[in-house]
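Asker: my questions are about this predicted structure, shown below with the sequence.
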Amino acid sequence: MTTSVFNNAVPTVLKAQLDSSLRMLVIHWTNTESSYFPYVWLRDNDPAGFHPDTKERQFDLTRINLDDDICDFALDQEHIRLSWLEESYTAEFSLAWLFANQPGKTVPDPALSDATLWRSDLTGGDIPRSNANDILTQDNALLTWLRDTQAYGLSIVDGLADDVKAGTQVAQKVGFLRETNFGVEFEVKSKPKPNNLAYTSIALPLHTDLTNQELPPGYQFLHCLTNDAEGGGSIFCDGFAVAEDLRRADIVAFDLLVNTQIPCRFHDEDYDIRSRKAVINLDDQGQVNEICFNPHLASTLDIAPELMHAYYRAYQTFMKMTKDPEYKVSVMLKGGEMVVFDNRRVLHGRDAFDPQSGARYLHGCYVDRGEFESRLRVLSK
Ligand code: OGA
Ligand code: ZN
């Protein structure tokens, strides 16, 4: 075992040592933390193994012996140089980088934050609201709006021009638009021969869009150009809040909705797009991270007959919760407003409207979560 004492760097190293039995570099920092860096991890993360411009890894792991040892090191104020025995190779790391990237500790991600769950107590006035021109012209306003939209899964942008491209222009500040079989952008209005219930005037119960897709679209943007018809109010519900309440109230139903994949399908003359999806999806920490719920696109349930009744009970329980006023937030969109929501979290719907009484016309598009999170990271730098 080799040891050395070094003070006076930021972050300050109290002591570094090579632990030959653990086969790790151990750094004790003056703030009493200790970190453990396995030799093989250090070899794989050698800064020289990355392309200087693209920052992509070029190092080929198959070239090395995973059991090679680090036999020596040297410290200066900001760096540590490590030497491998068999390979006779030396790599230099910044201490600040090692401190920030300690194995076993999750590197903080500015794009990820805790969801603020809401129920019917979120009144229309509490929904985060931003001005389109501010978003388009000020990065700070764009960042604040993205953070709010992510936290609540829902926001309203106002002050949009009376132009079908105005909502899309705001969405493009976030990232690439997600194209689907309904196009890059879509018009929500009552149409003859509709291929989607949204393109009628009937009520749409709370749902998430395109559960039949391999990856349902992330954020949805619905720009209201005109809403003069009788009816046509928008409704929203935080699917994460429903799922968390279900977890507490009925764990059997919750587990069935997490563990059972059900078939979803959209088909018309040109497309037949199918997927299998669980209604509630969890991340690796067991946190709810996606709701996929669209009874219109749910295909014939093909699970084992003996599971059918229990599944229907769980599915109906979830569906009843989405209809419970406890969770519903209503908004009457006005021309020049756009509602933005995380389609993989927040369920949306609308009341029926009377197309004879006036026009109702929304223009929509999607931006996936990946693009949304990337913009958050870049603006947070
Ligand atoms: C949709 C939809 C809601 C509305 O287009 O997917 O649900 O308010 N529209 O018309
Ligand atoms: Zn929809």
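Answerer: Right, received. Where do you want to start? Ligands and ions are numbered 1, 2, ... in the order given.
Asker: now do the residue in the stretch 151-300 of the chain positioned nearest to ligand 1 against Pro128, distance only.
Answerer: When scored by C-beta to the nearest ligand atom, the stretch 151-300 of the chain has Ala198 as its residue closest to ligand 1, at 3.4 Å. C-beta here means a position set from N, CA and C on the backbone, and glycine is covered the same way. Using C-beta to C-beta, to the nearest Å, we find Ala198 at a distance of 24 Å from Pro128.
Asker: again with Glu290
Answerer: 21 Å.
Asker: between these two, tell me which one has more neighbours.
Answerer: Glu290 (23 against 19; other C-beta atoms under 10 Å).
Asker: you'd agree that one is in a helix?
Answerer: No - counting by DSSP: H, G, I helix; E, B strand; the rest coil, Glu290 falls outside a helix, being strand.
Asker: who's it bridged to?
Answerer: For Glu290, the beta-bridge partners are Asn281 (DSSP bridges).
Asker: list the buried ones in stretch 71-85?
Answerer: Phe73, Leu75, Ile80, Leu82, Trp84 (16 or more other C-beta atoms under 10 Å).
Asker: and the furthest pair within those residues?
Answerer: Leu75 and Trp84 (17.0 Å; C-beta to C-beta).
Asker: quick one, helices of the stretch 201-350 of the chain?
Answerer: Ranges of helices in the stretch 201-350 of the chain, per DSSP state H, counting those that start in this stretch, are 239-249, 251-259, 305-323.
Asker: among these, show me which one is buried the most.
Answerer: Of all the helices of the stretch 201-350 of the chain, helix 239-249 carries the top mean neighbour count, a mean of 20, counting by mean count of other C-beta atoms under 10 Å.
Asker: tilt between that one and helix 251-259?
Answerer: Angle between the axes of helix 239-249 and helix 251-259 is 140 degrees (criterion: axes from the mean of the first three to the mean of the last three C-alpha atoms, to 10 degrees).
Asker: just list what helix 239-249 packs against, helices and strands only.
Answerer: Where contact means 3 or more C-beta pairs under 8 Å, 6 or more residues apart in numbering; DSSP states H and E, helix 239-249 is packed against helix 251-259, strand 288-291, helix 305-323, strand 346-350.
Asker: and if we set it to 6 Å?
Answerer: strand 288-291 (3 or more C-beta pairs under 6 Å, 6 or more residues apart in numbering; DSSP states H and E).
Asker: how about the strands in the stretch 51-200 of the chain?
Answerer: For the stretch 51-200 of the chain, the strands defined by DSSP state E, counting those that start in this stretch cover 70-75, 79-84, 89-94, 129-131, 154-158, 185-188.
Asker: adjacent strands (with direction) for the first one?
Answerer: When you say that, I think you mean strand 70-75. Going by DSSP bridges, the partners of strand 70-75 are strand 79-84 (antiparallel).
Asker: which ones are touching the closest residue to Arg274 other than its chain neighbours?
Answerer: Excluding its sequence neighbours, the residue lying closest to Arg274 (C-beta to C-beta, 6 or more residues apart in numbering) is Arg265, at 4.6 Å. Counting by C-beta atoms under 6 Å, 6 or more residues apart in numbering, Arg265 touches Asn212, Arg274, Ser299.
Asker: what do you get if the cut-off is 10 Å, keeping everything else the same?
Answerer: Residues near Arg265 by C-beta atoms under 10 Å, 6 or more residues apart in numbering: Thr211, Asn212, Asp272, Ile273, Arg274, Ser275, Leu297, Ala298, Ser299, Thr300.
Asker: need the residues that contact stretch 11-19.
Answerer: 1-7, 24-37, 39, 69-75, 77-78, 80, 82, 95-96, 98-100.
Asker: can you give me the buried ones in that stretch?
Answerer: In stretch 11-19, counting by 16+ other C-beta under 10 Å, buried: Val13, Lys15, Ala16, Gln17, Leu18.
Asker: then stretch 257-274?
Answerer: Buried positions in stretch 257-274, judged by neighbour count with 16+ other C-beta under 10 Å: Leu257, Val258, Thr260, Ile262, Pro263, Cys264, Phe266, Ile273.
Asker: what about the second one, distance to Val329?
Answerer: From Val258 over to Val329 the distance is 25 Å, taken as C-beta to C-beta.
Asker: still on that earlier bit, which one of the helices of the stretch 201-350 of the chain lies closest to Gly153?
Answerer: It is, among the helices of the stretch 201-350 of the chain and with distance given as C-beta to C-beta, helix 239-249, at 7.2 Å.
Asker: what mean pLDDT does the closest one get?
Answerer: The average pLDDT within helix 239-249 is 98.
Asker: try stretch 202-213
Answerer: Per-residue scores along stretch 202-213 average to 97.
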